[in-house]
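Q: coordinates only, sequence not included:
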């Protein structure tokens, strides 16, 4: 059963118990930067910022604010440290104690599900973004409508989300998640720990050259064995630059929430257009995700 409250509660537990050390956090923030650092997107951001004296930013689904730190630094670098007038984080659980610790002036937090978000005209923002959020919400059309209504005229919105998965990956993930939710909390945690360990064992020294295999959804390229399985067979994330505990939480992110979707980028872009945000550009930072850039034009 897909349950937004269960998904929000899972992420509250996820972030409150996140075991990241300083190395994990810096690696996570560097990875977040990779989600935005595309020449075309940077061009649009730069062109937007240079028209402003200061910038009002918002993150939809802010968690504990780790993505915010890297995003804010990225904006500063693109704008020669132009003044950030305000930053607002929005999430369905009370993350205020984390967001209020971000070292920026005028930091605000709004506790709200995105499908229930109500913003007046004085609260609109120049640039909004979300990281790995849209594929964890129900009422996607309502969420997109609410996000679109918060972006100022000529303002930008960036979103990174998971795209539709190949047939094998989608069905395997869904079956594993369904079975997992029938287990006890202890058994769920053990399962996720073990697939993370397996992924670390399969992190081969050299990458494999894989041909294009469209019927089973595998794209031509070079992959470590664990990457090949993670992108195309079933979720088993492992990054050797992160601690084992942080890698485990990355897999918790996929298996414990009840709402986990692979979205059709064309359908998402079409919904945003329906509510006033028009497509500018996009790129795929990984085989399983896309970053889109939209404008309220």
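A: Sure, I can see it. Note that the structure is predicted; figures quoted are calculated from it, not measured.
Q: C-alpha from now on. contacts and neighbour counts both.
A: Fine.
Q: roughly how far does residue 294 sit from residue 36?
A: 13 Å (Cα to Cα, to the nearest Å).
Q: how about residue 224?
A: Distance from residue 224 to residue 36, by Cα to Cα: 24 Å.
Q: all helices of this protein, in order?
A: 4-16, 22-36, 39-49, 66-78, 96-99, 140-148, 167-180, 185-201, 225-232, 244-255, 265-274 (DSSP state H).
Q: with mean neighbour count, mean pLDDT and distance to residue 155 added, can I get the ones you listed in JSON lines?
A: Putting the helices of the chain into JSON lines (neighbours: other Cα atoms under 10 Å; pLDDT from 0 to 100; distance: least, Cα to Cα, whole Å) gives the following:
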{"stretch": "helix 4-16", "mean neighbour count": "17", "mean pLDDT": "87", "distance to residue 155": "28"}
{"stretch": "helix 22-36", "mean neighbour count": "17", "mean pLDDT": "80", "distance to residue 155": "16"}
{"stretch": "helix 39-49", "mean neighbour count": "16", "mean pLDDT": "91", "distance to residue 155": "8"}
{"stretch": "helix 66-78", "mean neighbour count": "18", "mean pLDDT": "86", "distance to residue 155": "14"}
{"stretch": "helix 96-99", "mean neighbour count": "18", "mean pLDDT": "90", "distance to residue 155": "23"}
{"stretch": "helix 140-148", "mean neighbour count": "20", "mean pLDDT": "97", "distance to residue 155": "10"}
{"stretch": "helix 167-180", "mean neighbour count": "16", "mean pLDDT": "93", "distance to residue 155": "34"}
{"stretch": "helix 185-201", "mean neighbour count": "17", "mean pLDDT": "96", "distance to residue 155": "40"}
{"stretch": "helix 225-232", "mean neighbour count": "20", "mean pLDDT": "95", "distance to residue 155": "33"}
{"stretch": "helix 244-255", "mean neighbour count": "20", "mean pLDDT": "91", "distance to residue 155": "30"}
{"stretch": "helix 265-274", "mean neighbour count": "16", "mean pLDDT": "98", "distance to residue 155": "13"}
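Q: of all those helices, which lies closest to residue 125?
A: Each of these has some distance to residue 125 by Cα to Cα; the shortest is helix 140-148, at 10.3 Å.
Q: helices or strands next to the closest one in the packing?
A: For helix 140-148, the packing partners by 3 or more Cα pairs under 8 Å, 6 or more residues apart in numbering; DSSP states H and E come out as helix 265-274.
Q: okay, residue 256: pLDDT?
A: In this model, residue 256 is scored at 93, pLDDT.
Q: quick one, what contacts it?
A: 7, 10, 177, 180-181 (Cα atoms under 8 Å, 6 or more residues apart in numbering).
Q: show me the domain layout of the protein.
A: Domain ranges of the chain: 4-164+262-296, 167-255, per automatic domain parsing.
Q: spatially central, which residue of this structure would that be?
A: When the chain is reduced to its mean C-alpha position, the nearest residue by Cα atoms, centre = their mean turns out to be residue 132, at 1.9 Å.
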